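Q: Got a predicted structure here, sequence first:
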Amino acid sequence: MKRMIFKVDGINGLPNTPSGYKYLGYDGESLADKSGATVSGISTNTSLVYRALLTQTGTASPVATVLENTLGSVSSTYTSEGLYSITSSALFTSDKTMVMIGDVNAVSFITSYWSTSSDIPISTKSFVFGAFNSVNGILAKTPIEIRVYL
């Protein structure tokens, strides 16, 4: 079993490392071990993210202006009027995927949720003639974020 002692105010002035332990110090800028070597490969990422602005017209698939993508290959498809999908090759982990999508205005709404490991459906509706109906063309630089926790 490897053990480590962490010291927040740096590693200067530390005594010899006890048997079975390694000192790791943080001086406010970098991590270093007792010998003074900088420690690398420490990741604070707890999730992978896909952020984009979606625009859709007619019967075309939504077009994404990708702002950030650490998740992997993601694409969009047109299903039917007001229904689209964000698809991947099994990147959307069950119980670890969060989807947030922006809304447009008071007379329309957009919904999205986790469905399967490879599909996140998007629905767009507008209030017309006293009811909400599925419609195309509502996505106009609409922000979406898909976050998959590790």
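A: That came through fine.

Q: contact partners of stretch 54-72?
A: 45, 48-53, 74-78, 81, 84, 88-89, 91, 122, 124, 136-144, 146, 148 (Cβ atoms under 8 Å, 6 or more residues apart in numbering). For glycine as for every other residue, the C-beta is placed from the backbone atoms N, C-alpha and C.

Q: Pull out the buried residues from those.
A: The neighbour count (16 or more other Cβ atoms under 10 Å) marks 48, 50-53, 74, 76, 78, 84, 88, 91, 122, 124, 136, 138-139, 142, 144, 146, 148 as buried among the contacts of stretch 54-72.

Q: pLDDT below threshold where in the chain?
A: Scanning the chain for pLDDT under 70 picks out 1-44, 104-106.

Q: if we can go back for a sec, quick one: which of the contacts of stretch 54-72 sit in strands?
A: Counting by DSSP state E, the part of these found in strands is 48-53, 74-78, 84, 88, 122, 124, 142-144, 146, 148.

Q: How many residues are close by Met100?
A: 11 (other Cβ atoms under 10 Å).

Q: pretty sure it is touching Ile144, no?
A: Yes: in this structure, Met100 is within contact of Ile144 by Cβ atoms under 8 Å, at 7.1 Å.

Q: How about residues contacting stretch 114-132?
A: With Cβ under 8 Å, 6+ apart as the test, stretch 114-132 has contacts from 54, 56, 62, 79, 82-94, 97-99, 101, 107-113, 133-136, 138-139, 144, 146.

Q: which among the residues you listed end up buried?
A: 54, 56, 62, 82, 84-88, 91-92, 97, 99, 101, 108-110, 112, 136, 138-139, 144, 146.

Q: For Leu91, which residues are in contact?
A: Shown in contact with Leu91 (Cβ under 8 Å, 6+ apart): 48, 71-74, 117-118, 148.

Q: In three-state terms, label Phe132 for me.
A: strand (DSSP: H, G, I helix; E, B strand; the rest coil).

Q: related to what we said a few turns ago, could I get the contacts of Leu91 as TSV with distance to Val128?
A: As requested, the contacts of Leu91 are exported to TSV (distance: Cβ to Cβ, whole Å):
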residue	distance to Val128
Leu48	38
Leu71	35
Gly72	37
Ser73	36
Val74	31
Ser117	35
Ser118	32
Val148	35
